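# could you work out the structure for the sequence below:
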Amino acid sequence: MLFPTSAKLFDGIREPALEDPREVENRLTARFDRVVIDVVLPVMTSLLLMALGHPLALEAQSTAADAQIADAQIADALRAAGLRPVEPPTPAADGTLRSIDGRSGRISDSHGRWLLLTFVASWCGPCVQEMPTLDAVAQSELSNSVDVVGISIDRDGDALEAFLGQVGVGFPVFWDPTGALARIYRARSIPLTYVIDPHGHIRGVARGARDWSALGGLYQLLIAGVAPFDSAASDPARDTAFAYSEDVQQVELPIRLTPPDARVVDSRDRRVAVGEPFEIEIEVTWAGNFDEYLLHPPRIVLPEGIEQLEVAAETSGEGGDSVVTYRVSLEAKSAGVYALDPVELRYTPRGDDEPLVRQIDGIDIEASSPKRGLWLLGGLGALVALVAARWVLSRRGPAEEPTGDPWQSASERLRESSVLAVKGDAVATLAGLLEVVSAVRGLEAGSADSAEPLTKEMEDLHQRCQFAGETLTSQELGRIHRRVERWFTDHAPSAAAAERERLEID
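Numbering: from 1, shown residues only. Predicted coordinates for the structure are as follows:
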């Protein structure tokens, strides 16, 4: 240590007023001498050595600088390969792993080598596609420097056994039926793979499937940044940088890398009536922002006899986290007990094409038929409503054929959207503008190409505002409206052309 200090150096410097002044002076002199010996002299010596370029003084600075350079190079390599670097690196959680056939191991068994720790499940389609590419890494010449370890979050052991038989990989795949390790490693969606260095630091995170066998250049850069150890040096007791820990309750990731979490808000009364709509609330929370993930409406795996009607969403904040509550409207078609399980949380990280899926526990509901008296009352009400409707229609006379100009209708819808934009109603404004673009594409064949990027952008914004709680200001909506208005003007027929077309028709 270049600058030693004493934490209690000045303890007792204030003396009682009735003490002998000479004793106080002697004690203060002794304190001053300790300051000179313990602080001033070492600092001056270190500064002198650094000024002279002495190796002992520069060693600590050089080591720290080299470590920072290595960290930056590793982060750049991960980023270039499409992975998300964890900056600064964070300790990996250790724990005992057990396989479906009873074998056991520990995550820290890979200490001394780079580790690709991947979370998978039998019901995960992308996992099936990704596993052979991970196996190619495990079976390559990199196996002396890079380990591959899988952890399945399946609850059903038979499903896991069938899955392993299907993918046929050679690297170890352990089983986490309780989800304990999945919770520690934030495996809220899969496939999820952590890149862990030989000391046990998490260096990168990959969400979603990829071809790991095509990243040979990445592994060489990682190995160059933090070299694997030989068998003797891999003893944790001899590694001063050993980072694997059983005390990690949940791995620490930057907020931007923390994925959304979800739960089904449990209802006290799970009894519903056949033919009557009921709601299931799904609450999604995450600490990031809307720029990191695009949320999609959750999907409930519905049994036969249950039909989904619609999905509504609202957003709020809670303890610094973003919260989106989805209300899924359902209807039971027949009596019985139904398992609305599992529920799939779906979201797409920015820059990715395919959404990630996480399964959470659903709930059971009991649907019963209304009593006979209620059926009779409902039938009588429907009959009265039918008679009233026929009487109203008979008073109106024959219906008129619509004669509106489609271009005029689209123009009016454009004006209505302008009013909604001023009010700041993002969902309604974007819905109206999408209707305008769709109408013009149907009327003008040549507008399709130019409409494609505009439509995609507005659909994305509309979905984020409706289901992910994103908001747009009236100024932002106004800019979008003006873009659509200019596009509409470019493709709408001029007044002269419209008049010629009318005369030709006449």
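
# ok but Cys127 is inside a strand, no?
No: membership of Cys127 in a strand is not supported by DSSP: H, G, I helix; E, B strand; the rest coil, which gives helix.

# what about the helix or strand hosting His481, average pLDDT?
Remark: His481 resides in helix 474-491, with elements defined by DSSP states H and E. The average pLDDT within helix 474-491 is 86.

# run through the neighbouring helices and strands of that helix.
helix 406-423, helix 426-443, helix 448-467 (3 or more C-beta pairs under 8 Å, 6 or more residues apart in numbering; DSSP states H and E). In this view, the C-beta of every residue, glycine as well, is placed from N, C-alpha and C.

# mind checking those for the one nearest to Gln139?
helix 448-467 (40.6 Å; C-beta to C-beta).

# what's the burial count for the residue nearest to Val146 when sequence neighbours are not counted?
Spatially, and ignoring its direct neighbours in sequence, Val146 is nearest to Trp114 (4.6 Å; C-beta to C-beta, 6 or more residues apart in numbering). Trp114: 22 surrounding residues under other C-beta atoms under 10 Å.

# same deal with Asp364?
10.

# and Leu253, by the same measure?
Neighbourhood size, Leu253 [other C-beta under 10 Å]: 18.

# wait, it touches Arg186, no?
Yes: with contact defined as C-beta atoms under 8 Å, Leu253 reaches Arg186; the gap is 6.6 Å.

# average pLDDT across stretch 245-257?
Rounded mean pLDDT across stretch 245-257 is 79.

# now for the host helix or strand of Arg346, which elements pack on it?
Using DSSP H and E, Arg346 sits in strand 343-349. For strand 343-349, the contact count by 3+ C-beta pairs under 8 Å, 6+ apart identifies strand 261-265, strand 277-286, strand 293-300, strand 356-360 as packing neighbours.

# just checking: what are the partner strands of it?
Using DSSP bridges, the strands paired with strand 343-349 are strand 293-300 (antiparallel), strand 356-360 (antiparallel).

# in CSV: these, plus mean neighbour count and distance to Asp211.
Shown next, in CSV, are the strands paired with strand 343-349 (neighbours: other C-beta atoms under 10 Å; distance: least, C-beta to C-beta, whole Å):
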stretch, mean neighbour count, distance to Asp211
strand 293-300, 21, 23
strand 356-360, 21, 17
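
# lowest average confidence across the ones you listed, which one?
Here the lowest mean pLDDT among the strands paired with strand 343-349 goes to strand 356-360, at a mean of 76.

# coming back round to it: show me which residues of the helix holding His481 are buried.
Of all the residues in helix 474-491, those buried under the rule 16 or more other C-beta atoms under 10 Å are 477-478, 480-481, 484-485, 487-488, 491.

# most packed of the helices and strands packed on helix 474-491?
Ranked by mean neighbour count, the helices and strands packed on helix 474-491 are led by helix 426-443 with a mean of 20 (mean count of other C-beta atoms under 10 Å).

# one step back: the residue nearest to Val146 contacts Ile223, doesn't it?
Yes: counting by C-beta under 8 Å, Trp114 touches Ile223, with 6.8 Å between them.

# next, show the common contact partners of these two.
145-146 (C-beta atoms under 8 Å, 6 or more residues apart in numbering).

# what is the mean pLDDT for the helix or strand harbouring Asp158?
If you go by DSSP H and E, Asp158 is part of helix 157-167. Mean per-residue pLDDT for helix 157-167: 90.

# just stretch 323-335 next, same as before
When pLDDT is averaged over stretch 323-335, the result is 88.

# okay, stretch 459-476 in CSV with CA atoms only?
This file holds the C-alpha atoms of stretch 459-476, laid out as CSV (Å, rounded to 0.1, in the frame of the first residue of the first chain):
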residue,chain,number,x,y,z
GLU,A,459,-47.5,0.3,-35.6
ASP,A,460,-44.5,0.0,-33.3
LEU,A,461,-45.3,3.2,-31.6
HIS,A,462,-49.0,2.3,-31.3
GLN,A,463,-48.2,-1.0,-29.7
ARG,A,464,-45.8,0.6,-27.3
CYS,A,465,-48.3,3.2,-26.3
GLN,A,466,-51.2,0.8,-26.0
PHE,A,467,-49.6,-2.1,-24.3
ALA,A,468,-46.2,-0.9,-22.9
GLY,A,469,-47.4,2.4,-21.4
GLU,A,470,-45.2,4.7,-23.5
THR,A,471,-46.4,8.3,-23.8
LEU,A,472,-46.0,10.8,-26.6
THR,A,473,-46.4,14.6,-26.3
SER,A,474,-48.7,16.5,-28.5
GLN,A,475,-45.7,18.0,-30.2
GLU,A,476,-44.4,14.5,-31.1
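
# if we can go back for a sec, now the strands paired with strand 343-349 in a markdown table, with distance to Trp175?
Formatted as a markdown table, the strands paired with strand 343-349 follow (distance: least, C-beta to C-beta, whole Å):
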| stretch | distance to Trp175 |
| --- | --- |
| strand 293-300 | 26 |
| strand 356-360 | 16 |
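
# sorry, back to before: how about the helices and strands packed on helix 474-491, which one is nearest Arg263?
helix 448-467 (17.1 Å).

# now the angle from that closest one to strand 277-286?
In terms of direction (axes from the mean of the first three to the mean of the last three C-alpha atoms, to 10 degrees), helix 448-467 departs from strand 277-286 by 90 degrees.

# now what about helix 448-467, what contacts it?
290, 294-297, 311, 313, 324, 326, 426-427, 430-431, 433-434, 437-438, 440-441, 470-472, 480, 483-484, 487, 490-491.

# so what's the backbone phi/psi at Glu331?
Main-chain torsions, Glu331, degrees, to the nearest 10: phi -150, psi 130.

# how close does it get to Gln466?
Remark: distance between Glu331 and Gln466 (C-beta to C-beta, to the nearest Å) = 22 Å.

# under the pLDDT cut-off, which ranges of the stretch 301-450 of the chain? List them.
Scanning the stretch 301-450 of the chain for pLDDT under 70 picks out 317-321, 350-354, 370-404.

# let's see it at 50
When residues are selected by pLDDT under 50, those of the stretch 301-450 of the chain lie in 373, 399-403.

# partner residues bridging Ile365?
Ile365 forms beta bridges with Tyr338, as assigned by DSSP bridges.

# hang on, it packs against Val337?
Yes: Ile365 is within contact range of Val337, at 7.4 Å (criterion: C-beta under 8 Å).

# and these two? Which one has more around it.
For Ile365 versus Val337, the count of surrounding residues by other C-beta under 10 Å is larger for Ile365: 20 against 11.

# residue contacts, that one?
270-272, 278, 332, 337-338, 340.

# follow-up on the earlier one: who touches the strand holding Arg346?
Counting by C-beta under 8 Å, 6+ apart, strand 343-349 makes contact with 188-189, 207-208, 259-262, 264, 282, 284, 292-301, 354-362, all of which sit outside it.

# how about 7 Å then?
The contact list for strand 343-349 (C-beta atoms under 7 Å, 6 or more residues apart in numbering) reads 207, 260, 262, 264, 282, 284, 292-296, 298-300, 355-360, 362.

# who does the closest residue to Ile184 other than its chain neighbours form a beta bridge with?
With C-beta to C-beta, 6+ apart as the criterion, Ile184 has its nearest non-adjacent residue at 4.8 Å, and that residue is Ala93. Ala93 has these beta-bridge partners by DSSP bridges: Ser245.

# so Ala93 makes contact with Arg183?
No: contact criterion C-beta atoms under 7 Å: Ala93 and Arg183 do not qualify, at 10.2 Å.

# between the two, who's got more neighbours?
Counted by other C-beta under 10 Å, Ala93 and Arg183 do not tie: Ala93 has more neighbours, with 22 against 14.

# all helices of the stretch 101-250 of the chain, in order?
Assigned by DSSP state H, counting those that start in this stretch, the stretch 101-250 of the chain shows helices spanning 125-138, 157-167, 180-184, 216-225.
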